[in-house]
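Student: Okay, predicted coordinates and the sequence, questions at the end:
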Amino acid sequence: MMRDIQTEADITLLVATFYKAVDNDALLAPAFTEVVPVDWDTHLPRMVQFWATILFRTPGYRGDPHLKHALLHRQMPLTRDHFTHWVALFSTTVDQLFAGERAEFAKKSAAQMGRGLAHNILGGVEVFNPEL
């Protein structure tokens with residue numbers, strides 16, 4: 001039986017597994033490898049901080065995901081498919097590793113973020129409504 005997300009080490013596992021999948025994904029990888037090459041040694045710890053802030057309410061993350069994605073959109077136009085695919089891949093990764101209340105909260109939070117980013121970047125269009 002899988003356990004719920006309980007520690008920062010769990011978040012580290014989730015983030016590392018998710019971004020490994022992103023790095024191998026035909027739709028999402030170009031944003032990270034070609035358009036805005038990411039320094040994974042810097043990015044992954046920031047994403048662990050981000051998700052620790054979301055899931056455990058711990059301080060530490062500083063940044064503006066909306067601005068980062070808006071700047072990316074200027075270089076590589078993002079579409080509905082980018083956002084829906086990101087959410088689906090994140091949810092699949094959570095489901096592969098964890099089960100429980102916090103895991104469900106992580107998936108719902110990712111869906112809300114995807115909707116919010118898509119709404120802001122794609123001009124207020126209702127982009128998707130994942131079933132979570």
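Tutor: All right, it came through fine.
Student: tell me, how many neighbours does K68 end up with?
Tutor: Neighbours of K68 under the rule other CB atoms under 10 Å: 12. In short, each C-beta sits where N, CA and C put it, glycine included.
Student: same question, L55
Tutor: The burial count for L55: 19, using other CB under 10 Å.
Student: Next: W51.
Tutor: 23.
Student: Show me the longest helix that occurs in this structure.
Tutor: Across the chain, the longest stretch assigned as helix under DSSP state H is helix 101-121.
Student: which helices and strands does that one pack with?
Tutor: Using 3 or more CB pairs under 8 Å, 6 or more residues apart in numbering; DSSP states H and E, the elements in contact with helix 101-121 are helix 40-56, helix 65-75, helix 80-97.
Student: who touches the closest residue to E8 other than its chain neighbours in this structure?
Tutor: Spatial nearest neighbour of E8, excluding adjacent residues (CB to CB, 6 or more residues apart in numbering): A52 at 5.7 Å. By CB atoms under 8 Å, 6 or more residues apart in numbering, A52 lies in contact with E8, I11, T58, G60, Y61.
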